[in-house]
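[1] Show me the folded form of this:
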Amino acid sequence: MHANFERIAPAGSTGIKVVIVGAGYGGLGCAIECIRKGHDVVVLEKFSELKIQGDILSLGPNAGRILARWGLHDKIWPICGHHPGLNLHNYKGEKIRFQASVQPLFGAYSYNGHRAEIHQVLFDHAVSLGVRIRMGQEVVSYWENDERKSSGVVLRGGEYIEADLVVAADGVRSQARRYILGYNDKPKTSGYALYRAWFDAAENGVDKDPLTNYLCTDGDVFYGWIGQDVHMLASSSRNGKTISWVITHKDDTDLQDTWSFPGKTEDVVKIVAGWDPRCAAILSKAPSCIDWKLIVHDPLPTWISKSGRVILVGDAAHPFLPTSAQGASQAIEDGVTLAVTLQLAGKNDVPLAVKSWENIRYQRVRNSQLMGESTRDKWHQAKPDDKGEHLDMPRPEWLFAFDAEAHAYSVYDGVAREIAEKGYQLPTLP
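    Below is the predicted model:
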């Protein structure tokens with residue numbers, strides 16, 4: 001089915017040119033693995049510079065083994081939190097479960113740190129490998145040419161860029177989604193929103209208040225509280241120096257053009273009225289917070305264009321709830337798997353590579369999304385006296401022991417052969 005290959009090949013050796021729209025986790029992950037597999041890569045990012053914004057990000061062991069393979073463990077590990085486990089409480093403050101942290105798990109490490117700091121590590125690594133990242137480049141349209149067996153984008157200003165494949169890694173508000181689907185796939189409210197914050201412990205008096213000092217006086221810790229239709233998580237990192245919290249609650253606000261707003265402390269604190277007083281104490285310490293509406297999309301019928309030369313990856317294809325803790329991990333898996341299928345198919349079979357990639361990824365992604373929904377629901381529906389391991393955050397072997405690169409190499413021939421012989425159909429969604 002494919003020519004001889006090397007798992008790490010000289011950049012440009014396959015002759016496949018990939019244009020990636022978006023320099024987030026999905027875009028950078030795809031770029032790094034594509035250049036490792038011998039493809040020619042350029043990344044187009046609409047923002048003119050990286051900004052230190054956002055808060056905590058979790059990467060599971062399934063992404064951790066990829067980052068370690070890239071040689072990034074020693075760069076990411078020091079900037080992450082290292083807590084002994086999750087101390088879970090009911091809304092009254094009674095401890096109902098301790099789930100110990102396991103590092104490594106299934107042979108790989110997970111990472112929990114500031115999303116901007118981990119993102120900078122990936123960005124710098126991509127640049128060090130020779131990935132061309134053009135900042136301040138806004139894509140305004142996409143195109144494909146079957147005769148030329150090519151695709152491309154048009155930038156604001158009129159520049160055309162041609163490639164063998166365009167990868168839209170432009171997030172949950174993806175402009176490429178309409179091009180691929182032929183209609184506007186409008187997001188829907190999930191019925192929930194979350195407030196989130198990240199701040200310095202000492203500067204905001206966390207260490208001085210007996211209701212909050214447990215977060216920063218004995219290294220890193222991770223605490224959670226669950227109640228009817230609400231759950232709250234608070235953690236520390238950098239040996240207790242920085243604090244992050246997130247609280248998910250019911251919210252049926254109509255969707256606007258943006259889903260992220262500055263939050264108000266008084267609104268956040270109202271959610272935990274009558275709860276363990278430690279909750280209001282830590283929430284009120286944040287100098288600012290973000291009100292983030294959790295939106296969902298119905299599973300897309302496809303992530304690829306009819307010609308198979310423009311595709312969606314990461315949040316552009318499949319947004320995740322925070323309770324999955326898998327959004328960035330699955331976006332990185334997308335890019336790794338794609339780089340392999342392109343390498344194995346070769347320049348003359350890019351559409352077959354893309355269809356094989358979608359077939360390999362589609363059901364796994366959906367199963368991961370459903371896991372996040374079930375975790376949220378079991379916490380929000382728990383009774384105050386519920387206890388036990390059924391409240392744990394799931395750590396299934398099928399998810400965390402997975403090696404996206406090895407899996408793609410092992411299944412590609414069979415998947416591609418079936419597509420070539422029988423045509424392509426997506427798996428049936430549960």
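[2] Wait, residue 206 touches residue 212, no?
    Yes. Residue 206 is within contact range of residue 212, at 4.7 Å (criterion: C-beta atoms under 8 Å). All C-beta spots, glycine's among them, are computed from the backbone N, C-alpha and C.
[3] contacting residues around the residue nearest to residue 181 when sequence neighbours are not counted?
    Leaving aside its sequence neighbours, residue 181 sits nearest to residue 300 (C-beta to C-beta, 6 or more residues apart in numbering; 6.8 Å). Neighbour list for residue 300: 177, 181, 185, 312, 317-318 [criterion: C-beta atoms under 8 Å, 6 or more residues apart in numbering].
[4] before we move on, back to that, so which of residue 206 and residue 212 has more stuff around it?
    For residue 206 versus residue 212, neighbours defined as other C-beta atoms under 10 Å are more numerous around residue 206 (26 against 22).
[5] what helix or strand does that one sit in?
    Counting by DSSP states H and E, there is no helix or strand that carries residue 206.
[6] sorry, back to before: which of the contacts of residue 300 ranks first by neighbour count?
    With neighbours defined as other C-beta under 10 Å, the most crowded of those is residue 317; it has 29 neighbours.
[7] coming back round to it: between residue 206 and residue 212, which contacts overlap?
    282, 285.
[8] ok, so of the contacts of residue 300, who is nearest residue 282?
    Within the contacts of residue 300, the smallest distance to residue 282 is 32.2 Å, found for residue 318 (C-beta to C-beta).
[9] before we move on, back to that, give me the phi and psi for the residue nearest to residue 181.
    Backbone geometry at residue 300, expressed as degrees, to the nearest 10, gives phi -70, psi 150.
[10] pLDDT at it, what is it?
    Per-residue confidence (pLDDT) for residue 300: 92.
[11] likewise the one 5 residues further on?
    Confidence at residue 305, expressed as pLDDT, is 96.
[12] just checking, it touches residue 311?
    Yes. If you go by C-beta under 8 Å, residue 305 and residue 311 touch, sitting 7.1 Å apart.
[13] who has more neighbours, these two?
    residue 311 (26 against 22).
[14] How much space separates the nearest residue to that one once chain neighbours are set aside from residue 179?
    Excluding its sequence neighbours, the residue lying closest to residue 311 (C-beta to C-beta, 6+ apart) is residue 304, at 4.7 Å. As judged by C-beta to C-beta, to the nearest Å, residue 304 and residue 179 stand 11 Å apart.
[15] Looking at those two, which has the bigger crowd around it?
    The residue with more neighbours, out of residue 304 and residue 179, is residue 304; 20 against 17, by other C-beta under 10 Å.
[16] for the more buried one, phi and psi?
    phi -130, psi 150.
[17] same deal with residue 135?
    phi -80, psi 160.
[18] again, but for residue 130
    Dihedral angles for residue 130 - degrees, to the nearest 10 - are phi 100, psi 10.
[19] surely it meets residue 35?
    Yes. When contacts are counted by C-beta under 8 Å, residue 130 is listed as touching residue 35 (6.2 Å).
[20] Next, show the common contact partners of these two.
    Going by C-beta under 8 Å, 6+ apart, residues that sit against residue 130 and also against residue 35 are residue 11.
[21] how far is the helix or strand residue 357 falls within from where the chain is centred?
    Using DSSP H and E, residue 357 maps to helix 350-380. Centre-to-centre, helix 350-380 and its host chain are 12 Å apart (C-alpha atoms, centre = their mean, to the nearest Å).
[22] got the buried residues for it?
    350-362, 364-366, 368-369, 371-372, 375-376, 378-380 (16 or more other C-beta atoms under 10 Å).
[23] Which residues does the helix or strand following that helix contact?
    Using DSSP H and E, the helix or strand that follows helix 350-380 in sequence is helix 397-400. The contact list for helix 397-400, computed with C-beta under 8 Å, 6+ apart, reads 60-62, 105-106, 108, 326, 367-368, 371.
[24] In PDB, list the C-alpha atoms belonging to helix 397-400.
    Presented in PDB, the C-alpha positions along helix 397-400 are these (Å, rounded to 0.1, in the frame of the first residue of the first chain):
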ATOM      1  CA  GLU A 397      -6.700   2.200  29.700                       C
ATOM      2  CA  TRP A 398      -8.300   2.600  26.200                       C
ATOM      3  CA  LEU A 399      -7.800   6.400  26.500                       C
ATOM      4  CA  PHE A 400      -4.600   6.900  28.500                       C
END
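[25] by how many degrees do the next helix or strand after it and helix 350-380 diverge?
    Heading C-terminal from helix 397-400, the first helix or strand you meet, by DSSP H and E, is helix 404-422. Between helix 404-422 and helix 350-380, the angle comes out at 120 degrees (axes from the mean of the first three to the mean of the last three C-alpha atoms, to 10 degrees).
[26] Now do helix 404-422, average pLDDT.
    On average, helix 404-422 scores 95.
[27] Same question for stretch 169-186.
    90.
[28] so how far is the first residue of it from its last?
    Start to finish, the residues bounding stretch 169-186 are 18 Å apart (C-alpha to C-alpha, to the nearest Å).
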